[in-house]
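Participant: predicted coordinates and the sequence they were generated for:
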Protein chains: 2
Amino acid sequence: MQSDIEIANAAVLRPITDVAYETLGIPEEHLVRYGHHKAKVDLPYLTSLAERPLGRLVLVTALSPTPPGEGKTTTTVGLTDALHGLGHRSVACLREPSMGPVFGMKGGAAGGGWSQVVPMTDINLHFTGDFAAIAAANNLLAALIDNHVHHGNELEIDVRSVTWKRVLDMNDRALRQVAVALGGHANGFPREDGFDIVVASELMAIFCLTESYADLKRRIGDIVIGYTRAMKPVTAREIGADGAMAVVLRDALSPNLVQTLEGAPAFVHGGPFANIAHGCSSVIATRAGLRLADIVVTEAGFGADLGAEKFVDIKCRKSGLRPDAAVVVATVRALKYHGGVALADLGTEDLAAVEAGMVNLRRHLDNIRHAYGIPCVVAVNRFPTDTDAEIAKVVDLVAAEGVRAYPATHFADGGVGAQDLAKGVLETLDSPSPYTFSYTYDDDLSLTEKVEAIATRLYGAGLVTWDAKARRRLTRIETDGYGGLPVCVAKTQYSFSTDPASLGAPSDHELHVREVRLSAGAGFVVVVCGDMMTMPGLPRDPSASRIDLADDGTILGLS
Amino acid sequence: MQSDIEIANAAVLRPITDVAYETLGIPEEHLVRYGHHKAKVDLPYLTSLAERPLGRLVLVTALSPTPPGEGKTTTTVGLTDALHGLGHRSVACLREPSMGPVFGMKGGAAGGGWSQVVPMTDINLHFTGDFAAIAAANNLLAALIDNHVHHGNELEIDVRSVTWKRVLDMNDRALRQVAVALGGHANGFPREDGFDIVVASELMAIFCLTESYADLKRRIGDIVIGYTRAMKPVTAREIGADGAMAVVLRDALSPNLVQTLEGAPAFVHGGPFANIAHGCSSVIATRAGLRLADIVVTEAGFGADLGAEKFVDIKCRKSGLRPDAAVVVATVRALKYHGGVALADLGTEDLAAVEAGMVNLRRHLDNIRHAYGIPCVVAVNRFPTDTDAEIAKVVDLVAAEGVRAYPATHFADGGVGAQDLAKGVLETLDSPSPYTFSYTYDDDLSLTEKVEAIATRLYGAGLVTWDAKARRRLTRIETDGYGGLPVCVAKTQYSFSTDPASLGAPSDHELHVREVRLSAGAGFVVVVCGDMMTMPGLPRDPSASRIDLADDGTILGLS
């Protein structure tokens, strides 16, 4: 089989104006084109559609993944293509890939095989400049903070308590922890600081939860950048940064439209981390999709304990959006991994391990149906090493849970490989739901109770414990009036617990909270459990060294 | 009179496809549109024009400016509009504004009054993402350097001697001097570092001197990022960064086409500083203009001692381009300033001061004609406070030098205000030149002799002195085989000397070289005289605090 970039480079793309008009009815004058195959859809036009009925929303999530991932993006694209092929007006809503990891180990994130969004190299690199805009706005605030302190510090900011970090869309471990403003008087007041990758920033989360220009400015103004010596929170509004930052983000706020390899439309817009942030593409794109199409297929990051939980408890809670069905991506490989097979041996048939690993998927299916109240099906994303017996086993095991599982081969076959899945999804959408959608917790619980609700109801934890410092922070945040916000748990995606090696469905484990961070502009409180990397590094042999530009301008080696 | 942004926002723009086709004959399929009013012109298309005859090249430069500047960009736009209005196929080639200063004091840089390029807010903010791409490529190299050291340092880089800095397009004094890789083992080897603003980077200079994809990759590979402990230069090619960096810059390399308020075409592409770098827009854009139009009007930064010198000695030397005429922008205000009048009093008529200040303009005219060998005219860019007597005085004084001066009111009147100037330029272009174009120095002089040639022939300096450290660096650079490169003098733009307060035409002064830097990829050696700021700061009351986004998306307060 060809590589992702070979397939993507050989694809014959339709002009984005045709895709926009023929699949979604968007007139050309409302498109802001970026070349021939990318466009932003004008925000005022989308706002003008406010009275249109909404289509139906399908959330793609997964069991707890193996390190290489189980193919959520690929399945989202394949399912959209299948629905499109069946004559339904469907659109995918995906996160924008971060450029940093492209030069590291992970590579791009625009799907794979015959289920990709294109133009693949554009999407994986600068795309329409959204991440650069978010970085610029973020770093403008950082510069204004240090500038305020330098010119007299009227707000009495305590430089030791500044929590607003600078960002780059780059894997650069040397910037994780830095000292800034060195070199004497003219360069300001020295302090400790650090850089995060753009996708880990609060501003990225704000961007993805924003509904309008006014809402964007309000949220930015609400950002707490740090504290005074008397521990009073200082906001971006007090720094006078909100207007200029909103201006920097203005154009980026219009969602990006591209196409799948099969010519179905896809909004690719925003891309927050699914640990420190909520891991879903933008509300603006989802809403645009629901007004323009009959079915929106969207994904949330990592497993259903992380991305889907945040989709429900943060994105849905804040926007009023509701998923009508969920697709849980499972693989034979991941089930065997949870059943105790080592990563290197996942290519060998092992029906017993598949069955043993089912505990992980089972808990996710329970959570989705009974905690979130969303009807679901399972997509069994088939890999070349899977045997027919293993696939049949998964279907049976899932059926025993009262859920339908559909083997899917969209990676190798494109949309036609996900047609059974698409029919299953349509059936689910057309049947009355036996569940009632609900959040995991109510707004009026304390922050502690919210974390406990997630930990015990979803993760199977026995208790939640807190570092003394995290506990003090939490109290401070509640005292400052932010106790009504939802929580955003940052933990490993590999396990229901905080231990990435604890596979399957661990029970009665301890969820230890190491750190608490306020994201007042995004509107949630981040609860950090275990180690969390907000600035990745590059590996010993980074893919940057294999990426090359031919003399004729062809991009080589991007994966 | 309306503000710049009021004029720009009220302008009715033509679709960029129409501008491209009707003014320059560029077919739509070779445009990579960025919205309705910006486009990149595909590089392969431009390459296909290689056999076309070249148009004529007009260089806009200036006398030594006052701090607010004398209107070079405005004059470049006004002159292009005037030529366009007279029926000539003309195009402006301008530098892209840096976003950082937009939020500081300086504001935007897309012309002013009725001589602007539009869309003004886009051009001043993200534009087509070129600066973001340059920053990303620059910072990718930085990350790869620290990553190489972290993973065993096979090249034996001495971290104390790494000269490659990170960059942001932001005025952020706190990043001038930093310590990176703090926080322990996992974050790499701590070292001192610093950030420059994007326009001050070597990569920006490379970008602007590049001729093709292959040339770009070669130049990037040649960058010297630092030294081994044995003082052997280490290149970006050895780090394995050249291919990936070229990929990051690929799309940016196609020049950006926009329009003036009067619908004339303008390439706005690249924007290096005129002190630490060569201060001219891209060779690719200039060459594109010369193949597509009959007359290209382009500007070089600061006064003719800096931008024009580098245009000749760096850009022309490397590209083979030749200016056919120069326009020297002078103002009554700047002449009075050089004649001893304080900045606050420049609005008061003072004929004697105009005459006294003529020494500055006179030396520039001599340099342009006799050192560079370019025929020239003077544009007297009229300000509202100038009296008719003062304007007449300038015309007379310039005439006494054997040069024609044309008062111009394009700021207030658009192209029609520069029609006399345009006719003067056409006359100069159509007359045989009495001068022979030449560089200030030959390639085979030593680096010391090159600096001495510039200092004595152009600046009127009596001697050049060197810090011991700068002298050692120079010797090292020559030992390493870079002695054949041209030099790029970084000094104040306000004076022929290194003292910004030494106005007029100082003679027999000392040019003291404080520092020497190698830009091996760009292909020049930077000679730093006096203080030089490569990362600006924000003022006490930054314009960011006045920039705002209205609820309907209108951008307010940008100047």
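Facilitator: In hand now; what should we look at? No experiment lies behind these values; they were computed from the predicted model shown. Residues are numbered from 1 along each chain as shown, chains lettered A, B, ... in the order given.
Participant: enumerate the residues of the stretch 201-350 of chain A near chain B.
Facilitator: Counting by CB under 8 Å from any CB of the partner chain, the positions of the stretch 201-350 of chain A adjacent to chain B are A:212-214, A:216-217, A:240-241, A:243-244, A:246-248, A:250-251. Glycine gets a C-beta too; all of them are placed from N, C-alpha and C.
Participant: turn those residues into TSV, including secondary structure and distance to residue A:396.
Facilitator: Shown next, in TSV, are these (DSSP: H, G, I helix; E, B strand; the rest coil; distance: CB to CB, whole Å):
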residue	secondary structure	distance to residue A:396
A:212	coil	48
A:213	helix	52
A:214	helix	52
A:216	helix	49
A:217	helix	53
A:240	coil	62
A:241	coil	57
A:243	helix	59
A:244	helix	59
A:246	helix	53
A:247	helix	57
A:248	helix	54
A:250	coil	53
A:251	helix	51
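Participant: from these, which single one is nearest residue B:320?
Facilitator: Using CB to CB, residue A:251 comes nearest to residue B:320 of those, at 38.2 Å.
Participant: neighbours around that closest one, how many?
Facilitator: Applying the criterion other CB atoms under 10 Å in any protein chain shown, we find 22 residues in the vicinity of residue A:251.
Participant: swap in residue A:392?
Facilitator: The number of residues packed near residue A:392 is 14, by other CB under 10 Å.
Participant: if I pick whichever residue of the stretch 251-400 of chain A sits closest to chain B, what's in contact with it?
Facilitator: Chain B sits closest to residue A:251 of the stretch 251-400 of chain A, with a gap of 7.0 Å, by CB to the nearest CB. Counting by CB atoms under 8 Å, 6 or more residues apart in numbering or on different chains, residue A:251 makes contact with A:32, A:40, A:129, A:133, B:122, B:125-126.
Participant: could you redo those residues as JSON lines and give each row distance to residue A:188?
Facilitator: Converted to JSON lines, those look like this (distance: CB to CB, whole Å):
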{"residue": "A:32", "distance to residue A:188": "38"}
{"residue": "A:40", "distance to residue A:188": "37"}
{"residue": "A:129", "distance to residue A:188": "29"}
{"residue": "A:133", "distance to residue A:188": "25"}
{"residue": "B:122", "distance to residue A:188": "31"}
{"residue": "B:125", "distance to residue A:188": "25"}
{"residue": "B:126", "distance to residue A:188": "26"}
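Participant: let's see which of the residues you listed end up in helices.
Facilitator: Among the contacts of residue A:251, the members falling in helices (DSSP state H) are A:133, B:122.
Participant: buried among the contacts of residue A:251? Make that a ChimeraX selection.
Facilitator: Buried members of the contacts of residue A:251 can be picked out in ChimeraX with the line below, counting by 16 or more other CB atoms under 10 Å in any protein chain shown:
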select /A:32,40,129,133 /B:122,125,126
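Participant: tell me the one of the contacts of residue A:251 nearest residue A:82?
Facilitator: Of all the contacts of residue A:251, residue A:40 has the smallest distance to residue A:82: 26.7 Å, by CB to CB.
Participant: which residues does the closest one bridge with?
Facilitator: Beta bridges link residue A:40 to residue A:32, residue A:256, judged by DSSP bridges.
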